[in-house]
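Trainee: sequence-free structure coming up:
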């Protein structure tokens with residue numbers, strides 16, 4: 001009986017010959033040499049569709065990017081997905097209509113959500129932007145933000161809705177694609193990635209701009225490491241650069257708010273922080289323990305002891321010096337931000 005079952009497969013292999021290539025079913029994949037994402041996976045991945053983008057000659061064109069849901073009303077993507085016809089990154093919409101499709105692995109279906117984008121915020125330090133939705137998406141778990149630098153050699157995953165080959169719009173994916181990548185370099189605002197699986201030439205393509213590089217364990221929430229920025233034409237085995245997240249996590253949470261603690265129903269937990277949104281900032285300090293002081297404890301409070309006052313004054317002076325150094329460093333970083341002269345963007 002076993003021979004009867006196996007015989008057709010053996011005959012097919014003999015007829016095909018040892019050098020016959022395997023034929024892939026369905027449309028060609030995006031993320032060159034990537035794989036189809038199973039239905040329902042990576043629901044936080046978002047396709048951003050821009051209709052009526054101004055061109056230098058006074059005309060209009062359509063385009064798209066990839067992104068990821070980082071809060072119920074916010075999508076993170078590449079900064080260059082929102083730029084003028086002269087190439088300047090702007091914190092505003094540039095297309096006549098920009099929509100976000102989330103939770104839809106197969107774009108030919110009707111699952112998930114399609115919501116209009118109503119506002120944009122640009123990162124001051126790297127090629128990253130935040131797009132605000134007209135209404136919240138509450139039934140999809142957003143990605144978490146990485147707050148530590150990615151380790152060189154770490155393996156991460158990318159999801160995207162881009163092309164198979166650059167400049168071939170007929171290869172635009174209708175199904176979310178994925179592949180694995182290796183972290184090979186780390187700069188102030190960017191992470192270098194190379195293809196890892198299914199092939200060494202697995203690489204992001206046009207319209208994968210803003211696609212999330214992330215890590216995930218089991219059913220835990222995905223952790224966002226970086227987003228696609230620019231690199232060589234795909235497919236290739238060279239380095240692609242992606243906008244780094246851990247260095248701007250404070251800027252992001254200052255705009256979108258911090259995620260509510262597990263099980264919390266308090267609206268205040270999702271309220272955006274009062275921090276200015278135009279510059280990076282670190283995580284908020286932990287609140288003091290109940291019944292104690294933030295700095296010292298005692299019946300008379302922190303101001304009663306002259307030694308304590310002296311120590312507090314030293315702390316304030318040191319803190320002021322640290323803030324001044326941070327501000328000057330941010331100014332230098334803004335001057336050197338590599339927004340011009342970058343390699344091919346993925347939009």
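Mentor: Cool, the structure landed. None of these values were measured; they are calculated from a predicted model.

Trainee: okay, residue 133 and residue 101: tell me how far apart.
Mentor: To residue 101, residue 133 is 11 Å away according to Cβ to Cβ, to the nearest Å. C-betas here are computed from N, CA, C, even on glycine.

Trainee: who has more neighbours, those two?
Mentor: residue 133 (22 against 18; other Cβ atoms under 10 Å).

Trainee: what about residue 150, how many residues nearby?
Mentor: Applying other Cβ under 10 Å, we find 21 residues neighbouring residue 150.

Trainee: I figured it hits residue 214, correct?
Mentor: No. The pair residue 150 / residue 214 is not scored as a contact, 10.6 Å apart, by Cβ atoms under 8 Å.

Trainee: common neighbours of those two, please.
Mentor: Common neighbours of residue 150 and residue 214, using Cβ atoms under 8 Å, 6 or more residues apart in numbering, are 156, 225.

Trainee: buried residues in the host helix or strand of residue 115, which are they?
Mentor: If you go by DSSP states H and E, residue 115 is part of strand 113-122. Residues of strand 113-122 classed as buried by neighbour count (16 or more other Cβ atoms under 10 Å): 113, 115, 117, 120-122.

Trainee: low-confidence ranges, the stretch 1-150 of the chain, go.
Mentor: For the stretch 1-150 of the chain, the stretches with pLDDT under 70 are 1-35.

Trainee: ditto for the stretch 201-347 of the chain
Mentor: In the stretch 201-347 of the chain, residues with pLDDT under 70: 260-344, 346.

Trainee: which helices and strands sit right next to the longest strand seen in the chain?
Mentor: Ranked by number of residues, the top strand in the chain under DSSP state E is strand 60-71. Helices and strands touching strand 60-71, as assessed by 3 or more Cβ pairs under 8 Å, 6 or more residues apart in numbering; DSSP states H and E, comprise strand 45-54, strand 74-77, strand 155-160, strand 212-215, strand 223-230, helix 249-256.

Trainee: one more time with 7 Å, if that's ok
Mentor: Here strand 60-71 touches strand 45-54, strand 74-77, helix 249-256, going by 3 or more Cβ pairs under 7 Å, 6 or more residues apart in numbering; DSSP states H and E.

Trainee: and for it, what's in contact with it?
Mentor: Strand 60-71 has contacts (Cβ atoms under 7 Å, 6 or more residues apart in numbering) with 44-55, 75-78, 81, 102, 131, 137, 140, 142-143, 145, 160-162, 207-212, 224, 228, 252, 256-257, 347.

Trainee: what's the PyMOL syntax to select whichever of the residues you listed are buried?
Mentor: Filtering these down to the buried ones (16+ other Cβ under 10 Å) takes a single PyMOL command:
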select buried, resi 44+45+46+47+48+49+50+53+75+76+77+78+81+102+131+137+142+143+145+160+161+162+207+208+209+210+211+212+224+228+252+256+257+347
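
Trainee: surely residue 149 meets residue 187?
Mentor: No. Counting by Cβ atoms under 7 Å, residue 149 sits too far from residue 187 to count as a contact (10.7 Å).

Trainee: how many residues are close by residue 153?
Mentor: Residues contacting residue 153 under the criterion other Cβ under 10 Å number 8.

Trainee: need the contact list for it.
Mentor: Contact analysis of residue 153 by Cβ under 7 Å, 6+ apart lists 182-183.

Trainee: report the two of the buried residues of strand 113-122 separated the most.
Mentor: 113 and 122 (24.3 Å; Cβ to Cβ).

Trainee: sounds good, over and out.
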